[in-house]
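**Student:** kindly return the folded structure for what I paste below:
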Amino acid sequence: MSNTPVSVPTAGYQIVINRMTIDKLGVKLYDSASAVVAELVANGYDADAEEVSVQLPLSKTLDKGNPPYTIKVRDNGHGMTPDEARAYFLVVGSDRRRRPNGARSRTKNRAVMGRKGIGKLAPFGICRRIEVLSSGGEQTAKGFLTSHFILDFDKIVTDGDGPVDLDVGKYDQTWRPVSGTIVTLSNFLGKRTPNLEIFVRQLARRFALTSPDFKIKLTDTVTDTHVDVPQFEVDIEESTRISVDERPVAHEGLELQVTGWVAFAKHSYRNEEEAGVRIYARGKIVATTRDFEQPAGFTGEFAARSYVVGEIHAEWLDSDELDDLIRTDRQAILWDSDFGNALRQWGMKLIRDVAKLAAGPRRINSATKFLIKSDIERRSEARYGPGAIHRAVMALSKQIGGFAHEDDLDDGEYVEGLAELVLSVAPHTALVESFKTIAGKADANMDDLLDLFGDTRIAEMASYAQIAAERVQAVEQLMAVIDDPSTVEGDLQKLIANAPWLIRPDWSVITENQGLKQFRNELVKIHKRRTGEDIEPAISYENKRPDFTLAQIGQRLYVVELKKPNHEFDDNDYARLENYLVALDELFEQKWVKSHFPESYVVHLIADGESVTGQTARRAFESAVRDGVVVRFTWQDFLAASNNAMASFLAARDRAIQS
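**Tutor:** Below is the predicted model:
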């Protein structure tokens, strides 16, 4: 770099900006290193750079560096002279596309990504010092004239709207042999950068540039690892791919062109970056959506929200002639605008189409995985031998396994429960199918019926006995843990989660309810946000000790909260229950929750006594009981009900065997 100063005096640099602008357009919108770096990369692209290099420490908390960390983004674009920096860069909120030829880049005629003129403030979301060194203008014998200045957050953020003088860097008004810009960030907030793999994904997904004359290079300054940022890719099921090149968005007689594709991924989302359909304009991401904002209830909904991926380009979303349809942080579209709503309606149909297309291949994958993981073929032959029941086992395995969530089939306990269900139900299925076969024979006789009963009776009785034995065992376990003084609430909740029919005979976990799983995850987030505490609700077979159990019966959600035997439900217990109730009420304000559980929710509280003494808590608890939101049982009530349910089941089984 040449440091030879010119003879002209330094003119200085000023910026006019107020505290609210910085706060809302910098700190609030860009709170991750990848988001900030993406804005600086986009600036390089708009400046006709062919290469942007990014140097930063990864897997580190940025304000903990010793010596202090920096992030440096360097491009080889046309750069800025001091006059250009003052006229354009330091004017916040200026729409560059309204300048003469401002919609296209200077030499390569690229459709520029920048528009609002606020990307320069993005770094203030993670740091307090931005150093800009840029060389541009006409090349002379000395090189390119350089501008060099520092944006210091604490100096430029004032309560007033007057101009703020910026610190001038030592290379200002000097000459450099090459054009381009170097932005150096320092004095960081307590933000942590991800590892190299994650950061590359985060940066790659923000751009969809196939131009051979632009590339992004990344260096982890901690490990001195260098990588080129690739085009973002997701492994997809090719048979589910739908091209949108011939599916324009219709709006008031117009056909708005889109290109790209939507498909189902080969695996459910493994990371946040690959989730959903990415929407781009001018090569930069403007939104990501999993469902185009559509309500719950469409065919293949839950699979779509875990598998659907895509890359869609809609240049008209960032058109120079139309209204700005993109949110300031370029992470969402203004869906309520006329054009945004047209895209939403178009996308809703697209998601439904790809979900239907993916149903078959996804079920085949899940069914095959279940057959392998459960070893069901060998177990069926060992239990029932060859014949009608074994054939029923294999048919049921393919059907039920096909409806299982593919990722759940990595849970051994879940697979075991599903396999035992298939093995238990298969004899009844075989019996029904055999009756249908005999009924369809014109010459059926008594020998056919004898053969039928000979083939199915032993297996049927074994199936009944197995189910009865499992339920008897569960009741015995319940009695044991109630009498054991060392029992903790988590043990009781786990028992209930694995045998929910102990609460009511018609409760059973067949396959994981995906709606219930989504509800559980949202409930955990809301509770964490309100209280700062983690909870672990159970909805099926799990190894963790749950805090309470969730079950869906018909159109109502049931929450089972229990206390240890001989423990009185007190003020502290109510405080925790109230947190659950508030979180549940907040969640039930969402439309998809109301549609999934139209009969709302009820809490089954199992506690031997109750001693809520605080006046406010007492009044609130009694109100919840009076309104039927909370129903309390003692452990003796609970055990008696379980025994009665068991007696009825055994009697029904005996009658079935004797008939």
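**Student:** centroid-nearest residue for this protein?
**Tutor:** Note on the chain: the residue nearest the mean C-alpha position is residue 272, at 5.9 Å, using CA atoms, centre = their mean.
**Student:** so who does the closest residue to residue 105 other than its chain neighbours touch?
**Tutor:** Nearest residue to residue 105 in three dimensions, chain neighbours excluded: residue 48, at 4.9 Å (CB to CB, 6 or more residues apart in numbering). C-betas here are computed from N, CA, C, even on glycine. Residues in contact with residue 48 (CB atoms under 8 Å, 6 or more residues apart in numbering) are 77, 78, 105, 106, 107, 108, 110.
**Student:** farthest pair within the residues you listed?
**Tutor:** The two members of these with the most space between them (CB to CB) are 78 and 110, at 11.6 Å.
**Student:** the stretch 251-400 of the chain: helices as residue ranges?
**Tutor:** All helices of the stretch 251-400 of the chain, identified by DSSP state H, counting those that start in this stretch, fall at 301-307, 338-374, 376-384, 388-403.
**Student:** quick one, phi/psi of the residue nearest to residue 105?
**Tutor:** Main-chain dihedrals, residue 48, degrees, to the nearest 10: phi 70, psi 20.
**Student:** same thing with residue 418?
**Tutor:** phi -70, psi -40.
**Student:** what is the neighbour count of it?
**Tutor:** If you count neighbours by other CB atoms under 10 Å, residue 418 ends up with 27.
**Student:** ditto for residue 192
**Tutor:** Neighbour count of residue 192, defined by other CB under 10 Å: 13.
**Student:** which non-adjacent residue is nearest it?
**Tutor:** Once flanking residues are discounted, residue 192 sits nearest to residue 61: 4.7 Å by CB to CB, 6+ apart.
**Student:** next, count neighbours for that neighbour.
**Tutor:** Counted with other CB under 10 Å, residues neighbouring residue 61 total 14.
**Student:** also residue 167?
**Tutor:** For residue 167, the neighbour count with other CB under 10 Å is 15.
**Student:** check contacts around it.
**Tutor:** 149, 150, 152, 155.
**Student:** please redo it, this time with the cut-off set to 7 Å
**Tutor:** 149, 150, 152 (CB atoms under 7 Å, 6 or more residues apart in numbering).
**Student:** ok, it to residue 178 distance?
**Tutor:** Between residue 167 and residue 178 the distance, using CB to CB, to the nearest Å, works out to 24 Å.
**Student:** quick one: distance of stretch 111-125 to the chain centre.
**Tutor:** 27 Å (CA atoms, centre = their mean, to the nearest Å).
**Student:** how about stretch 255-262?
**Tutor:** Centre to centre, stretch against its chain (CA atoms, centre = their mean), the figure for stretch 255-262 is 25 Å.
**Student:** average pLDDT for that stretch?
**Tutor:** For stretch 255-262, the mean per-residue pLDDT is 94.
**Student:** in that stretch, which residues are buried?
**Tutor:** Buried residues in stretch 255-262, defined by neighbour count with 16 or more other CB atoms under 10 Å: 256, 258, 259, 260, 261, 262.
**Student:** residues contacting the closest residue in space to the last one that isn't next to it in sequence?
**Tutor:** Spatial nearest neighbour of residue 262, excluding adjacent residues (CB to CB, 6+ apart): residue 310 at 3.5 Å. Listed by CB under 7 Å, 6+ apart, the contact partners of residue 310 are 260, 261, 262, 263, 277, 278.
**Student:** just the residues you listed now: which is nearest residue 403?
**Tutor:** Scanning those for proximity to residue 403, where the rule is CB to CB, the winner is residue 263, at 20.9 Å.
**Student:** for the helix or strand containing residue 429, packing partners?
**Tutor:** Using DSSP states H and E, residue 429 sits in helix 412-439. In terms of contacts (3 or more CB pairs under 7 Å, 6 or more residues apart in numbering; DSSP states H and E), helix 412-439 is packed against helix 338-374, helix 376-384, helix 388-403, helix 446-483.
**Student:** tell me the SS of the residue nearest to residue 628 when sequence neighbours are not counted?
**Tutor:** Leaving aside its sequence neighbours, residue 628 sits nearest to residue 602 (CB to CB, 6+ apart; 6.6 Å). Secondary structure for residue 602, judged by DSSP: H, G, I helix; E, B strand; the rest coil, is strand.
**Student:** residue 602 against residue 558, yeah?
**Tutor:** Yes: Residue 602 lies in contact with residue 558 (CB atoms under 7 Å); the separation is 6.0 Å.
**Student:** those two: who's more crowded?
**Tutor:** Looking at residue 602 and residue 558 with other CB under 10 Å, you find the greater number of neighbours at residue 558, namely 20 against 15.
**Student:** chain neighbours aside, what residue packs nearest to that one?
**Tutor:** With CB to CB, 6+ apart, the residue lying closest to residue 558 is residue 551, at 4.7 Å.
**Student:** just residue 268 next, same as before
**Tutor:** residue 306 (4.3 Å).
**Student:** swap in residue 292?
**Tutor:** residue 347 (3.1 Å).
**Student:** could you count how many residues lie near the one you found?
**Tutor:** When counting by other CB under 10 Å, one arrives at 24 neighbours for residue 347.
**Student:** now it: how far from residue 276?
**Tutor:** 11 Å.
**Student:** so what sits against both of the two?
**Tutor:** residue 289.
**Student:** return the subset of the buried residues of stretch 255-262 lying in strands.
**Tutor:** 256, 259, 260, 261, 262 (DSSP state E).
**Student:** thought the fourth one was touching residue 238?
**Tutor:** Right, the one you point to is residue 261. No: assessed by CB under 7 Å, residue 261 is found out of contact with residue 238, at 10.3 Å.
**Student:** backbone phi and psi for residue 188, please?
**Tutor:** The phi and psi values for residue 188, taken as degrees, to the nearest 10, are phi -80, psi 160.
**Student:** from here on, call the first residue 38.
**Tutor:** All set: I'll call the first residue 38, so the last point we hit is now residue 225.
**Student:** just checking, it touches residue 106?
**Tutor:** Yes: between residue 225 and residue 106 there is a contact at 6.5 Å, judged by CB under 7 Å.
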